[in-house]
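Q: What follows is a predicted protein model with its sequence.
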There are 2 protein chains.
Amino acid sequence: MKLISSRDNALYKELKHLAGSSQARRKAGRTLLDGVHLCQTYLSLRGAPPQCVVSESALRNAEVAELIAQCEARQVHCITMPDALYAALSQVEHGVGILFVIETPERAVTQALSASAVLLDNLQDPGNVGSILRSAAAAGIGQVYCSAGTAFCWSPKVLRAAMGAHFVLDIYEGVDLAALVSDSAIAVLATSGYAEQRLYDVDLRQPVGWLLGHEGQGVADDLLALATHRVVIPHLGQVESLNVAACAAVCFFEQVRQNQV
Amino acid sequence: MKLISSRDNALYKELKHLAGSSQARRKAGRTLLDGVHLCQTYLSLRGAPPQCVVSESALRNAEVAELIAQCEARQVHCITMPDALYAALSQVEHGVGILFVIETPERAVTQALSASAVLLDNLQDPGNVGSILRSAAAAGIGQVYCSAGTAFCWSPKVLRAAMGAHFVLDIYEGVDLAALVSDSAIAVLATSGYAEQRLYDVDLRQPVGWLLGHEGQGVADDLLALATHRVVIPHLGQVESLNVAACAAVCFFEQVRQNQV
């Protein structure tokens, strides 16, 4: 294991740049995966990462030791550093002190939609995007397509909220959703507070695309018009509609329910 | 309207203390409601707040002017201050610059559960708590009971995530959930990843209590044992269970669905 002890170390500076800048992560095609749980999930689902970074105090943690042993057995480049240096790389408060550097897959859309999928139009909040990825994975959905305006899926916040869902999903970013919806081989259902068809009245026993929109404005009008259905989750309260991640979960699991009945 | 121009003003110091400290808010029995939307919702559902605070630049905003007019018509104490002073009171980035000081209702449990309700056991994340309140209100649920370990419902983060749901809900905090569940006149359903009964197989056409637990550990074992049912949302994926706020939304709207079919 390599020890970095200086803030002036070139690799350390590179890691700090990745940790602090979304633009740097996009440009490098790499991101940081922070915490024991995410690293364990990555190792078991995607195999060896390019690099493993550990704080000195974390070396005494049993789960971290096990992760390092697995990394070293697979010739992963392992690095340790003083806790003070590590702290600048991590956004996890009171974290254990391990992160993987991983490549962020870039996928290009080459096929029409034919399996159940999630389409995110301009979603802003990383916590919402992460929660939606997690719900999609739990509901057995395999693909997620994001418009250019949607939060970057490989940011540390989205990764944390998704709890490993990234590693069982095919995630496409910067997608032309209008083209995807137009060419779709399956029905695309847009959720909208103004729709008249109830979610519960749509037959979901075949694959569908779920089109979800911006937290405030919802799905853009041109996409709404292109969707096969516009559906509403009936509300009983006097207040605002559902949070978009809550709405997504209700939709995905209504599909699960219909397929299991 | 009163103008505060100094950081040494006693009222300003009191507001800043409320803004910065959860303990101060609990002790004072007051909190800050930040942003045009929340203030509009409060006025329409709960009436006049004790105080209204506006940044000087927000005075030029049409929605803010309308809110101030409504407040002044109701003899609300309105205060304005330079933007630099206001900024220290607000957690909303790029916000418009209006907040209400409101009282946080303290309710004591005096009756057994008899209407549909949400029971939160040790939920930590303010965003999750807020999203659950919002989903509950949208699903027509009227009461929320929180254990002592759950995030304070009247914190600015919870208020923001709940988007006004607080004002249509009766919220009880510091509740002895074990006693509440034991004495309940209706079924209490605890969600658990380890349960065997599927959510979809329970008859939800009568009032039920929804018992939701800590983000990592779930519902505490003693409460799980006291619940009438332990239910699971079936998962199809290889990864972690649902986020607790997503889980809550699926449960509440399965009840809505069964009542509407």
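A: Arrived safely, thanks for sending. Residues are numbered from 1 along each chain as shown, chains lettered A, B, ... in the order given.

Q: in chain A, which helix or strand is least confident?
A: helix A:22-28 (a mean of 90; mean pLDDT, DSSP states H and E).

Q: what packs against the following helix or strand past that helix?
A: Next along the chain after helix A:22-28, taking DSSP states H and E as the criterion, comes strand A:30-34. If you count contacts as 3 or more C-beta pairs under 8 Å, 6 or more residues apart in numbering or on different chains; DSSP states H and E, strand A:30-34 packs onto helix A:10-20, strand A:98-103, helix A:156-162. The C-beta positions use only the backbone N, C-alpha and C, and glycine is treated the same way.

Q: buried ones in the helix or strand just after strand A:30-34?
A: Downstream of strand A:30-34, the next assigned helix or strand under DSSP H and E is helix A:36-46. Within helix A:36-46, the residues scored as buried using 16 or more other C-beta atoms under 10 Å in any protein chain shown are A:36, A:37, A:38, A:39, A:40, A:41, A:42, A:43, A:46.

Q: and these, which two are the farthest apart?
A: Maximum pairwise distance among the buried residues of helix A:36-46 (C-beta to C-beta): 15.8 Å, between A:36 and A:46.

Q: all strands of chain A, in order?
A: A:2-3, A:30-34, A:51-55, A:77-81, A:98-103, A:117-121, A:143-146, A:170-172, A:187-191, A:197-198, A:208-213, A:229-232 (DSSP state E).

Q: Could you check how far the last one is from the centre of its chain?
A: Translated: strand A:229-232. Relative to the chain's own centre, strand A:229-232 is displaced by 25 Å; criterion: C-alpha atoms, centre = their mean, to the nearest Å.

Q: okay, now the domains of chain A?
A: A:2-103, A:117-260 (automatic domain parsing).

Q: Please identify the most buried of the ones you listed.
A: Across those, averaging neighbours per residue (mean count of other C-beta atoms under 10 Å in any protein chain shown) puts domain A:117-260 on top, at a mean of 21.

Q: does any bit of that domain sit next to chain B?
A: Yes: residues of domain A:117-260 are located near chain B by C-beta under 8 Å from any C-beta of the partner chain, namely A:127, A:131, A:134-135, A:137-140, A:161, A:163-165, A:167-168, A:198, A:200, A:233-243, A:245-250, A:253-254, A:256-257, A:260.

Q: First-to-last residue distance for that domain?
A: Distance between the two ends of domain A:117-260: 18 Å, counting by C-alpha to C-alpha, to the nearest Å.

Q: roughly how far out does it sit from the chain middle?
A: On C-alpha atoms, centre = their mean, the centre of domain A:117-260 falls 13 Å from the chain's centre.

Q: avg pLDDT for it?
A: Regarding domain A:117-260, the rounded mean pLDDT is 95.

Q: who does the longest helix seen in chain A touch, helix- and strand-wise?
A: Taking DSSP state H as the criterion, chain A has its longest helix at helix A:244-260. Here helix A:244-260 touches helix A:126-138, strand A:187-191, strand A:208-213, helix B:126-138, helix B:244-260, going by 3+ C-beta pairs under 8 Å, 6+ apart.

Q: ok, 6 Å please
A: helix A:126-138, strand A:208-213, helix B:244-260 (3 or more C-beta pairs under 6 Å, 6 or more residues apart in numbering or on different chains; DSSP states H and E).

Q: Residue A:115: which of the ones you listed is closest?
A: strand A:208-213 (9.2 Å).

Q: mind checking which of the helices and strands packed on helix A:244-260 is nearest residue B:93?
A: When these are compared by C-beta to C-beta, helix A:126-138 sits nearest residue B:93, at 14.2 Å.

Q: ok, stretch A:40-58 near chain B or not?
A: No: using C-beta under 6 Å from any C-beta of the partner chain, stretch A:40-58 stays clear of chain B, with a minimum separation of 7.0 Å.

Q: contact partners of that stretch?
A: A:33, A:64, A:70-71, A:74, A:76-80, A:82-83, A:86, A:96-102, A:164, A:167 (C-beta atoms under 6 Å, 6 or more residues apart in numbering or on different chains).

Q: picking up where we left off before, distance to residue B:26 added to the domains of chain A, as TSV?
A: Compiled in TSV, these are given as follows (distance: least, C-beta to C-beta, whole Å):
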stretch	distance to residue B:26
domain A:2-103	22
domain A:117-260	24
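
Q: about what we covered before: Throw the helices and strands packed on strand A:30-34 into CSV and include distance to residue B:6, thanks.
A: Below are the helices and strands packed on strand A:30-34 laid out as CSV (distance: least, C-beta to C-beta, whole Å):
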stretch, distance to residue B:6
helix A:10-20, 37
strand A:98-103, 46
helix A:156-162, 38
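
Q: quick one, which of these is nearest to residue B:149?
A: Nearest to residue B:149, of those and by C-beta to C-beta, is helix A:156-162 at 21.8 Å.

Q: Show me what that closest one is in contact with.
A: So helix A:156-162 is contacted by A:32, A:34, A:91, A:126, A:127, A:129, A:130, A:131, A:133, A:134 (C-beta under 6 Å, 6+ apart).

Q: Same question for stretch A:209-227.
A: Under C-beta under 6 Å, 6+ apart, the answer for stretch A:209-227 is A:113, A:117-122, A:124-125, A:177, A:181-182, A:184, A:188-192, A:230, A:244, A:248, A:251.

Q: mind saving the C-alpha coords of it as PDB?
A: Output of stretch A:209-227 as PDB, limited to C-alpha atoms (Å, rounded to 0.1, in the frame of the first residue of the first chain):
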ATOM      1  CA  GLY A 209     -41.300   3.900 -19.700                       C
ATOM      2  CA  TRP A 210     -41.900   6.100 -16.700                       C
ATOM      3  CA  LEU A 211     -41.300   9.800 -17.500                       C
ATOM      4  CA  LEU A 212     -40.800  12.000 -14.500                       C
ATOM      5  CA  GLY A 213     -40.100  15.700 -14.500                       C
ATOM      6  CA  HIS A 214     -38.600  18.700 -12.800                       C
ATOM      7  CA  GLU A 215     -39.400  19.100  -9.000                       C
ATOM      8  CA  GLY A 216     -41.300  22.400  -9.600                       C
ATOM      9  CA  GLN A 217     -42.400  22.500 -13.200                       C
ATOM     10  CA  GLY A 218     -43.000  18.800 -13.800                       C
ATOM     11  CA  VAL A 219     -42.500  17.200 -17.200                       C
ATOM     12  CA  ALA A 220     -41.900  19.700 -20.000                       C
ATOM     13  CA  ASP A 221     -45.000  20.300 -22.200                       C
ATOM     14  CA  ASP A 222     -43.500  19.000 -25.400                       C
ATOM     15  CA  LEU A 223     -42.500  15.700 -23.700                       C
ATOM     16  CA  LEU A 224     -45.900  15.400 -22.000                       C
ATOM     17  CA  ALA A 225     -47.600  15.700 -25.400                       C
ATOM     18  CA  LEU A 226     -45.400  13.000 -26.800                       C
ATOM     19  CA  ALA A 227     -46.100  10.500 -24.000                       C
END
